[in-house]
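**Q** pasting the structure only:
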């Protein structure tokens, strides 16, 4: 449902992770390495207030499922249903698409009991056939969607369009709104059905390719679904979704390692950007080195030309005039003295080849360091935080073309490694809230502590790896705080008000 057809989603490879922003409904993929810093601190906001209603677990416990039941799963290609659904969405008029999208954000911010139900239903009615077709693939678990990316050249990857990712985001918006309307009408089974389909769409989108782009958009879809659930559980008769949430395969939904490893292969040597083979082990000589250096410089100049900052403009000028290459000769020779393969042969290299060899060496060093530190499990991130941050930081004073490439091509390390963890924290907090609702159904009050909570346990904060910080003020009032994440550093504390039904 891309209402900006002139701006299709593109694979921004060359390690290009992108962030899923909500600036517009068109092309909103921005490289973290060039995205302006928008995290300006504003005035502190009061803690968000959640009204919870006591609710026992369903009978049977898995009456409501947010993931297909094991007996319903089939090994069929899920993207078949997704693409067929998107073809039907494309048949909806641009006016109807815009009518839904223009009002969706405002409706999403509303409490469910204030939602203009009839208007909302009318806005998504034109997409009912598409949603029905999407639902035919809900239980199809084969995620393979082979676009042949591994066999493409760098330039082919850069030019590859992925309109499916944009359309997946808009399908998710439809499903979230349908779930909110169903909740407003107390049709809880229908609401959960749409959420379950949404989580399948999240997984299909995230794993349709191994790019970070796919992963981040898939994770963002899950985030919007979890936000919808948080709104739903504040309704008086919402069923308890503890076991439904527990059934989500969050480790798979938010897995990033395969994508990080794939991105690290996209430009594992500098020459690949210009469609060149790796440098051979033997010396190639000045003439060949100069030709290769010219081809590589032209490609880099094209990449930098789209980045409008003073630093990049200066770099581009120095590169085009040859000044930069001259400046790199001595640092390149010095750097090669640290390379076991070339330290004894540095004097045999022409200036041009020294710059080429050092560029590959520095790019490889930075890439491998970035990849290695991403392999640490979450629980070890804070143990060596200073060492990790220093290892993955790419200085603006890099010595070679390879270093400059790494600076603009490497995705934000924090974005690549922590995005899924932030949303996993959101999932675990929802489970803790549902555990509180279940406890209140048995006791009529909020617990004094969430340690050893009954009848079901509270979940740990995956960032702190400890219990969420829970403080009870009265039997019906408490706060629940989470650890500060890498991305979302606001609204750390929820104020909980328990409504007791007499």
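**A** On my side now, so go ahead. Please read these numbers as outputs of a predicted model, since none were measured by experiment.
**Q** and residue 455, what is it in contact with?
**A** 57, 438-439, 442 (Cβ atoms under 8 Å, 6 or more residues apart in numbering). Every residue, glycine included, has its C-beta placed from N, CA and C.
**Q** Three-state assignment for residue 473, please.
**A** With DSSP: H, G, I helix; E, B strand; the rest coil as the basis, residue 473 sits in strand.
**Q** circling back: which members of the contacts of residue 455 are classed as buried?
**A** Neighbour-count burial (16 or more other Cβ atoms under 10 Å) applied to these gives 57, 438-439.
**Q** Put together TSV for those, with pLDDT and secondary structure on each row.
**A** Listed next are the buried ones among the contacts of residue 455 as TSV, based on pLDDT from 0 to 100; DSSP: H, G, I helix; E, B strand; the rest coil:
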residue	pLDDT	secondary structure
57	95	coil
438	97	helix
439	98	helix
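**Q** Same list (the contacts of residue 455) but as JSON lines, adding distance to residue 347.
**A** Shown next, in JSON lines, are those (distance: Cβ to Cβ, whole Å):
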{"residue": "57", "distance to residue 347": "75"}
{"residue": "438", "distance to residue 347": "74"}
{"residue": "439", "distance to residue 347": "74"}
{"residue": "442", "distance to residue 347": "80"}
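**Q** C-terminal to the host helix or strand of residue 223, what's the next element?
**A** Counting by DSSP states H and E, the element that carries residue 223 is helix 212-232. Per DSSP H and E, the first helix or strand lying C-terminal to helix 212-232 is helix 242-246.
**Q** helices or strands next to that following helix in the packing?
**A** Secondary structure elements in contact with helix 242-246, counted by 3 or more Cβ pairs under 8 Å, 6 or more residues apart in numbering; DSSP states H and E, are helix 413-443.
**Q** Now do the helix it packs on: distance to the chain's middle.
**A** Its chain's C-alpha centre lies 17 Å from the corresponding centre of helix 413-443 when counted by Cα atoms, centre = their mean, to the nearest Å.
**Q** got it, and stretch 483-500?
**A** The answer for stretch 483-500 is 21 Å, by Cα atoms, centre = their mean.
**Q** try stretch 354-367
**A** Counting by Cα atoms, centre = their mean, stretch 354-367 is centred 29 Å from the centre of its parent chain.
**Q** For the remainder of this discussion, apply numbering that starts at 69.
**A** Shifting the count to begin at 69 puts that one at stretch 422-435.
**Q** What mean pLDDT does it get?
**A** Regarding stretch 422-435, the rounded mean pLDDT is 89.
**Q** what angle do the helix holding residue 291 and helix 481-511 make?
**A** 20 degrees (axes from the mean of the first three to the mean of the last three Cα atoms, to 10 degrees).
**Q** other SSEs contacting helix 280-300?
**A** Counting contacts by 3+ Cβ pairs under 8 Å, 6+ apart, helix 280-300 is packed against strand 87-88, helix 231-252, helix 256-275, helix 318-321, helix 325-334, helix 481-511.
**Q** Moving along the chain from the longest one, name the first helix or strand you hit.
**A** When you say that, I think you mean helix 481-511. Proceeding N to C from helix 481-511, the next assigned helix or strand is strand 528-529, under DSSP H and E.
**Q** neighbouring contacts of that following strand?
**A** 493, 496-497, 534-536, 550-551.
**Q** Now, of the residues you listed, which are buried?
**A** Buried subset of these (neighbour count, 16+ other Cβ under 10 Å): 493, 496-497, 535-536, 550.
**Q** one step back: could you export the buried ones among the contacts of residue 523 to a markdown table, including columns for distance to residue 272?
**A** Formatted as a markdown table, the buried ones among the contacts of residue 523 follow (distance: Cβ to Cβ, whole Å):
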| residue | distance to residue 272 |
| --- | --- |
| 125 | 29 |
| 506 | 31 |
| 507 | 35 |
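**Q** Looking at these, which is nearest residue 278?
**A** Nearest to residue 278, judged by Cβ to Cβ, of the buried ones among the contacts of residue 523 is residue 125 at 37.6 Å.
**Q** so what's the closest residue to the closest one other than its chain neighbours up against?
**A** Nearest residue to residue 125, sequence neighbours excluded (Cβ to Cβ, 6 or more residues apart in numbering): residue 308, at 5.3 Å. By Cβ under 8 Å, 6+ apart, the contact set of residue 308 is 123-126, 502, 505-506, 509.
**Q** Most widely separated two among the buried ones among the contacts of strand 528-529?
**A** Taking every pair in these and measuring Cβ to Cβ, the maximum separation is 12.6 Å, between 493 and 535.
**Q** Does residue 119 lie in a helix or a strand, and which?
**A** Counting by DSSP H and E, residue 119 is part of strand 117-121.
**Q** Revised request: answer the last question for residue 565.
**A** strand 561-567.
**Q** quick one, domains of the protein?
**A** 87-102+116-331+484-567, 343-478 (automatic domain parsing).
**Q** export those to TSV and tack on distance to residue 337?
**A** Supplementary listing: the domains of the chain in TSV, determined by distance: least, Cβ to Cβ, whole Å:
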stretch	distance to residue 337
domain 87-102+116-331+484-567	11
domain 343-478	5
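**Q** Lowest average confidence across those domains, which one?
**A** Lowest mean pLDDT of those: domain 343-478, a mean of 79.
**Q** where do the helices sit along the stretch 69-218 of the chain?
**A** Applying DSSP state H, counting those that start in this stretch to the stretch 69-218 of the chain gives helices spanning 146-157, 162-177, 185-192, 196-204.
**Q** what's the most buried one of these?
**A** helix 146-157 (a mean of 19; mean count of other Cβ atoms under 10 Å).
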